[in-house]
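Peer 1: From the sequence below, what's the structure:
(one chain, ligands or ions: 2)
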Amino acid sequence: MQRKLSHADNLIHQFDTVLRTLVPKAAQASRPSPAQSIRDGDMSDSEREHAVGLMRINHTGEVCAQALYQGQGLTARLADVRGQMEQAAQEEIDHLAWCDQRLTELEGRTSLLNPLFYASSFSLGALAGAVGDRVSLGFVAATEEQVGRHLDEHLRELPSGDRRSRAVLEQMREDEAHHERWALEAGGSRFPATVKFGMRLVSKVMTKSVYRV
Ligand SMILES: [Fe+2]
Ligand SMILES: [Fe+2]
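Peer 2: Numbering: from 1, shown residues only. Ligands and ions are numbered 1, 2, ... in the order given. Have a look, this model is predicted:
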């Protein structure tokens, strides 16, 4: 029989999730990495460094996605779509783990700024969840739209020899488009262009800093 979770249980669970998100190599993917059977082409040192910068940005994006879903999970009701939300959150864990694995292969590291971005995305998610489900789902959709745009850009920018990162990003691109669609279909509001513009500015700050730090 399942017992009701106490506040202490919830707190421990939250803490565990935070650690799994922020500690390198702690996230466990439920699907094998799309890079699994792909062989890389040749890459120069500067190309590899560029790939590390891009994959570090994608990894931090997934840290933010985790924080966003966890923050919302705390405050949003979302009774009808909780199952879908949990599935999307699981797919984000896959993305997080795949980017982490790829960074290790490229001899890169995750961003030192991740705790900062985690905390701000968690607060934004919790805030959106508290305002209401339509806003909360709208926030998911707007975020995924932006992530999709980034992924397109990175797919164009990746060195041609970096086929393993490309395989990861292509699968992520597909998953994110799917998350955006369900969030809108589930009743998410379409955010006005001004809000999306603000979100783009924030993400510019993120990408510029995380590429190096
Ligand atoms: Fe993702
Ligand atoms: Fe997503």
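
Peer 1: so how many other residues sit close to the residue in the chain positioned nearest to ligand 2?
Peer 2: Closest to ligand 2 within the chain is H179: 3.8 Å, counting by CB to the ion. Bear in mind the C-beta positions are built from the backbone N, C-alpha and C, glycine included. Neighbourhood size, H179 [other CB atoms under 10 Å]: 25.

Peer 1: All the strands of this structure, in order from the start?
Peer 2: Using DSSP state E, no strands are found in the chain.

Peer 1: which helix of it spans the most residues?
Peer 2: Longest helix of the chain, by residue count under DSSP state H: helix 45-75.

Peer 1: Give me the buried stretch members for that helix, please.
Peer 2: Buried positions in helix 45-75, judged by neighbour count with 16 or more other CB atoms under 10 Å: 47-48, 50-73, 75.

Peer 1: among these, which are in reach of ligand 1?
Peer 2: By CB under 5 Å from the ion, the members of the buried residues of helix 45-75 lying near ligand 1 are A65.

Peer 1: Distance check, G132 against A142.
Peer 2: Between G132 and A142 the computed distance is 15 Å (CB to CB, to the nearest Å).

Peer 1: Kindly apply the preceding question to D42 instead.
Peer 2: 39 Å.

Peer 1: Of these two, which one has the most company?
Peer 2: A142 (23 against 8).
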